[in-house]
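Peer 1: quick check, what structure comes out for this input:
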Amino acid sequence: MVVAGAFDGTTIVAGALLLHHDPPAAAVELGCWATAAVQGLGVARAASEVLIACASAGLAVERIAWHCTTANSRSRALAERLGFRYEGTLRSAYVLHGVRHDLDVLSLVGAELDGFAQH
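Peer 2: Below you'll find the predicted structure:
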């Protein structure tokens with residue numbers, strides 16, 4: 001797992017992580033989060049960009065997946081601003097606090113990763 005965090009002094013306010021790395025498939029999943037205090041300031045985007053570059057160059061992946069609940073429009077919008085393309089919805093695929101949620105799946109593949117290597 002590769003993790004990047006953003007701090008305000010000694011307090012972590014946002015972060016991103018690469019998980020479920022599958023070297024034979026050259027694939028990984030990217031996730032991110034931000035506290036309410038920094039939402040909309042580009043902090044989660046910056047952390048995500050760093051990890052996309054890390055995945056592309058350091059892990060030599062060909063595919064980066066992004067999963068978010070269908071109710072999380074902010075997460076999906078960030079993924080799309082980063083260039084991720086919608087692939088589909090996994091129905092009833094995630095349980096949070098005992099409630100099942102549908103997940104949108106988006107991805108960056110191949111040459112779509114190239115622009116991030118410079119970050």
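Peer 1: what about the strands in this protein?
Peer 2: Applying DSSP state E to the chain gives strands spanning 2-8, 11-22, 27-34, 63-69, 85-96, 99-109.
Peer 1: which intervals of the protein have sub-threshold pLDDT?
Peer 2: 117-119 (pLDDT under 70).
Peer 1: okay, buried residues for stretch 85-95 please.
Peer 2: Buried residues in stretch 85-95, counted by 16 or more other Cβ atoms under 10 Å: none are found. Placement of C-beta: from N, CA and C, glycine included.
Peer 1: keeping just the C-alphas, turn that stretch into CSV.
Peer 2: In CSV, the C-alpha atoms belonging to stretch 85-95 read as follows (Å, rounded to 0.1, in the frame of the first residue of the first chain):
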residue,chain,number,x,y,z
ARG,A,85,-13.8,7.4,-17.3
TYR,A,86,-17.0,5.8,-16.0
GLU,A,87,-17.1,2.0,-16.6
GLY,A,88,-20.2,0.9,-14.8
THR,A,89,-22.0,0.4,-11.5
LEU,A,90,-21.5,-2.6,-9.2
ARG,A,91,-24.9,-3.1,-7.5
SER,A,92,-25.0,-3.8,-3.8
ALA,A,93,-21.2,-4.2,-3.7
TYR,A,94,-20.2,-2.3,-0.5
VAL,A,95,-21.5,-2.5,3.1
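Peer 1: gap between that stretch and the chain center?
Peer 2: 14 Å (Cα atoms, centre = their mean, to the nearest Å).
Peer 1: also stretch 100-114?
Peer 2: Remark: stretch 100-114 is offset 8 Å from the chain centroid, using Cα atoms, centre = their mean.
Peer 1: again, but for stretch 56-76
Peer 2: Stretch 56-76 sits 4 Å away from the centroid of its parent chain (Cα atoms, centre = their mean).
Peer 1: and for stretch 95-113?
Peer 2: Centroid separation for stretch 95-113 versus its chain: 9 Å, with Cα atoms, centre = their mean.
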